[in-house]
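Visitor: Have a look at this fold, sequence not included:
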């Protein structure tokens, strides 16, 4: 078990190509027909309908190292760049409506019907629509609208592409005239080159105008600044930087003197204050000794050495203090004079510094204006010189020349049409196979229904009922007859201990060959030695058995059930069918109720005693409930399925209806098998429908 599971999974994952190939082979005539139609349509279009189109191509290259004409204003007159943005921009320039409009005007393409739809002859569809009033008559178009339409058509026709890893562009177009194609492309390349030169000339003219205006403004500004500078120098008493620096040194010296004088005045004043405050001579002497003043120290020295008495010392000290007070007044006056001088000098320095700053600012502005004026003046002169030397950023590498027709491509169109036909035909065949819901082999019927397949019965003759019956009589050893024998054997062997006596044949819908199967089965059972067989037609509505016989003398089942005919006193044998027959006929009461009655049950019980086998042909299960009612009296229920026509849903619904009332199906039978088509589906050899089997049966 462990080894088989992977193998089963592998088998499920594998794709069997043989059924796919077989489906395509069966539908080969459909594929061939559709392919032929596609090729014929392509040939008609290619050789009759399609208009030959002629291409033309030119190559234009950008100058990678375009010389910059005016230094400093590259944004105005720069050459072409080589990056992706520049290349994409050039492509858009090629496709611009401005250039295309110039091309339309130069070549008069608005008067060419190929580019102006208003000038074309109306087609059949347009003439018909105009005739029934669904399309308006052509009106005179506004020139602007017509011109724009021509540009739109030309823009769609024109192809511009950049050659990879280069600055070269390919310009191409396809028209109905080779000369026209070449003329359009060459003219377009020339217009593009001319537009670049004109753009540069316009840019140079704009630059000249701008530089002229700006130079004049700068000149006027420079002159005004120079006048302001001269006026400022005349009105201000401005010294130079060296004098201002000397004045700053002088001011610093004054401030140092003021500081020293202030300190000396404070020291002297302190001594005077101490001496003035002292009252005793001893205190005066002590203060004089520590005052630091030479005169006071000398008086104190003399007093200590008794050179001066108290009166003399007192007088000397008072006199000296008076002198010190006077000196203090003079020093204070001198200090105030120094302070006044310093303040005046400081104010003078501040004023001159401010004026010097203003003057220097004016000088800088004048110098800056002069430099800017000289720069613009120089650029203006260069621009005037450059205006007559402009060159385009591109050049034409190769001109367009007339060439042969590029379309339609006969071989390619026919090849594509053949490929399309094969694909379309194959798709239709595979779709038909995918949507097919019938049964083409016993294996498919067994898998789809879940029931045993008792036999597969080919067509008897060409399908005509009388000829079918004749074929049964004249060809007892045919493949179809042997298939019926297989069916008989399968039914009888379904229960070996108690072979079925009453056999019911039904189907899902009408036309599935159940009546033919019932007749063939009854004839085969009759051929068995010593067997009495009765064929009962329980399909009251269609009465199919009467279409098989030459006369209408067969006994009616309704007459027997209603007691109008005594079955024991009539001969039920029919020479045309070769079997005892109870045929269906019109009933005055509902057929389902009749089959559910005790009369039918009693009749079946009596028939079981008189006949070895009873074959009942019933109506389709999905049409009326008769078959389900009659099946309760049957020992074997055979379900007929039309080959390749009855759908899986019909079979499933029919079997479910039988199972819903507990009817056990004996098996199914595949009817009206087309042996030729079955062999094309690959089933002939498997089920005995190949040439060898046919030859064997015919010889037998």
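Guide: Noted; the coordinates are in hand. Keep in mind the model is a prediction, meaning the values are calculated, not measured.

Visitor: so where is the stretch 301-450 of the chain shaky, pLDDT-wise?
Guide: Within the stretch 301-450 of the chain, the stretches with pLDDT under 70 are 386-391.

Visitor: Recalculate using a threshold of 50.
Guide: Along the stretch 301-450 of the chain, the model assigns pLDDT under 50 to no residue.

Visitor: Break down it into its helices, ranges please.
Guide: All helices of the stretch 301-450 of the chain, identified by DSSP state H, counting those that start in this stretch, fall at 310-386, 410-435, 442-449.

Visitor: Can you name every helix or strand that the second one contacts?
Guide: Yep, that's helix 410-435 we're talking about. In terms of contacts (3 or more CB pairs under 8 Å, 6 or more residues apart in numbering; DSSP states H and E), helix 410-435 is packed against helix 17-26, helix 28-44. Glycine gets a C-beta too; all of them are placed from N, C-alpha and C.

Visitor: Same check on the shortest one?
Guide: When contacts are defined as 3+ CB pairs under 8 Å, 6+ apart, helix 442-449 sits against strand 453-458, strand 636-642, helix 648-659, strand 667-673.

Visitor: can you put these in TSV and add mean pLDDT and mean neighbour count?
Guide: Converted to TSV, the helices and strands packed on helix 442-449 look like this (pLDDT from 0 to 100; neighbours: other CB atoms under 10 Å):
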stretch	mean pLDDT	mean neighbour count
strand 453-458	93	24
strand 636-642	96	26
helix 648-659	94	17
strand 667-673	94	26
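
Visitor: between these, which gets nearest to residue 305?
Guide: helix 648-659 (158.9 Å; CB to CB).

Visitor: ok, residue 112 touching residue 120?
Guide: No: assessed by CB atoms under 8 Å, residue 112 is found out of contact with residue 120, at 10.1 Å.

Visitor: More neighbours: which of the two?
Guide: residue 112 (19 against 11; other CB atoms under 10 Å).

Visitor: Quick one: residues contacting the more buried one.
Guide: 119, 180 (CB atoms under 8 Å, 6 or more residues apart in numbering).

Visitor: what's it sitting at in phi/psi?
Guide: phi -100, psi 120 (degrees, to the nearest 10).

Visitor: can you tell me how far it sits from residue 119?
Guide: Distance of residue 112 to residue 119, given as CB to CB, to the nearest Å: 7 Å.

Visitor: ditto for residue 104
Guide: 14 Å.

Visitor: higher neighbour count, these two?
Guide: The residue with more neighbours, out of residue 104 and residue 119, is residue 104; 23 against 13, by other CB under 10 Å.

Visitor: My read is that that one contacts residue 148, right?
Guide: No: the criterion here is CB under 8 Å, and residue 104 misses it with residue 148 at 9.7 Å.

Visitor: So which residues of the stretch 451-600 of the chain form strands?
Guide: With DSSP state E, counting those that start in this stretch as the criterion, the stretch 451-600 of the chain has strands at 453-458, 502-507, 533-537, 555-556, 573-574, 579-583.

Visitor: what does the last one contact?
Guide: It refers to strand 579-583. 519, 522-523, 526, 532-537, 543, 545-546, 554-557, 560, 567, 572-574, 611.

Visitor: go again using 6 Å as the cut-off
Guide: The contact list for strand 579-583 (CB atoms under 6 Å, 6 or more residues apart in numbering) reads 522-523, 526, 533-537, 545, 554-557, 572-574.

Visitor: what packs against the helix or strand harbouring residue 149?
Guide: Taking DSSP states H and E as the criterion, residue 149 maps to helix 143-157. Under the contact criterion of 3 or more CB pairs under 6 Å, 6 or more residues apart in numbering; DSSP states H and E, helix 143-157 touches helix 97-107.

Visitor: between the helix it packs on and helix 143-157, how big is the angle?
Guide: 100 degrees (axes from the mean of the first three to the mean of the last three CA atoms, to 10 degrees).

Visitor: Tell me the helices and strands packed up against helix 97-107.
Guide: helix 143-157, helix 178-235.

Visitor: Now render those helices as CSV, adding mean pLDDT.
Guide: Below are those laid out as CSV (pLDDT from 0 to 100):
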stretch, mean pLDDT
helix 143-157, 84
helix 178-235, 84
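
Visitor: that older thread, buried deepest among the strands of the stretch 451-600 of the chain, which one?
Guide: For those, the largest average neighbour count (mean count of other CB atoms under 10 Å) is found in strand 502-507, namely a mean of 27.

Visitor: Show the average pLDDT along that strand.
Guide: Summarised as a single mean, pLDDT over strand 502-507 is 97.

Visitor: Name every strand pairing with that strand and say which way it goes.
Guide: As defined by DSSP bridges, the strand partners of strand 502-507 come to strand 613-617 (parallel), strand 636-642 (parallel).

Visitor: returning to that earlier point: so what sits against both of residue 112 and residue 120?
Guide: Joint contacts of residue 112 and residue 120 (CB under 6 Å, 6+ apart) do not exist.

Visitor: a markdown table for the helices of the stretch 301-450 of the chain, including mean neighbour count and distance to residue 639?
Guide: Shown next, in a markdown table, are the helices of the stretch 301-450 of the chain (neighbours: other CB atoms under 10 Å; distance: least, CB to CB, whole Å):
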| stretch | mean neighbour count | distance to residue 639 |
| --- | --- | --- |
| helix 310-386 | 15 | 102 |
| helix 410-435 | 15 | 24 |
| helix 442-449 | 18 | 8 |
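
Visitor: Present those helices as JSON lines; the columns should include distance to residue 90.
Guide: Below are the helices of the stretch 301-450 of the chain laid out as JSON lines (distance: least, CB to CB, whole Å):
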{"stretch": "helix 310-386", "distance to residue 90": "23"}
{"stretch": "helix 410-435", "distance to residue 90": "33"}
{"stretch": "helix 442-449", "distance to residue 90": "67"}
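
Visitor: right, and residue 591 touches residue 540 too?
Guide: Yes: taking CB atoms under 6 Å as the definition, residue 591 is a contact partner of residue 540 at 4.4 Å.

Visitor: isn't residue 634 right next to residue 502, touching?
Guide: Yes: between residue 634 and residue 502 there is a contact at 4.7 Å, judged by CB under 6 Å.

Visitor: Can you pull the residues that touch both of those two?
Guide: By CB under 6 Å, 6+ apart, no residue touches both residue 634 and residue 502.

Visitor: who does the closest residue to residue 511 other than its chain neighbours bridge with?
Guide: Nearest residue to residue 511 in three dimensions, chain neighbours excluded: residue 642, at 6.9 Å (CB to CB, 6 or more residues apart in numbering). Following DSSP bridges, residue 642 is listed with bridge partners residue 671.

Visitor: and of the helices and strands packed on helix 442-449, who's closest to residue 250?
Guide: helix 648-659 (126.2 Å).

Visitor: what residues does that closest one touch?
Guide: Taking CB under 6 Å, 6+ apart as the rule, helix 648-659 contacts 437, 448, 449, 508, 509, 621, 622, 641.

Visitor: still on that earlier bit, C-terminal to the helix holding residue 149, what's the next element?
Guide: strand 159-162.

Visitor: Need the distance between the two termini of stretch 519-538.
Guide: 13 Å (CA to CA, to the nearest Å).

Visitor: any idea how far residue 517 is from residue 656?
Guide: 22 Å.

Visitor: er, residue 43 I mean
Guide: 51 Å.

Visitor: higher neighbour count, the two?
Guide: Looking at residue 43 and residue 517 with other CB under 10 Å, you find the greater number of neighbours at residue 517, namely 25 against 14.

Visitor: pLDDT score assigned to the more buried one?
Guide: 94.

Visitor: Verify the stated contact: it with residue 641.
Guide: No: counting by CB under 6 Å, residue 517 sits too far from residue 641 to count as a contact (10.4 Å).

Visitor: shared neighbours of the two, anything?
Guide: Common neighbours of residue 517 and residue 641 (CB under 6 Å, 6+ apart) do not exist.

Visitor: Give me the neighbour count for residue 60.
Guide: 23.
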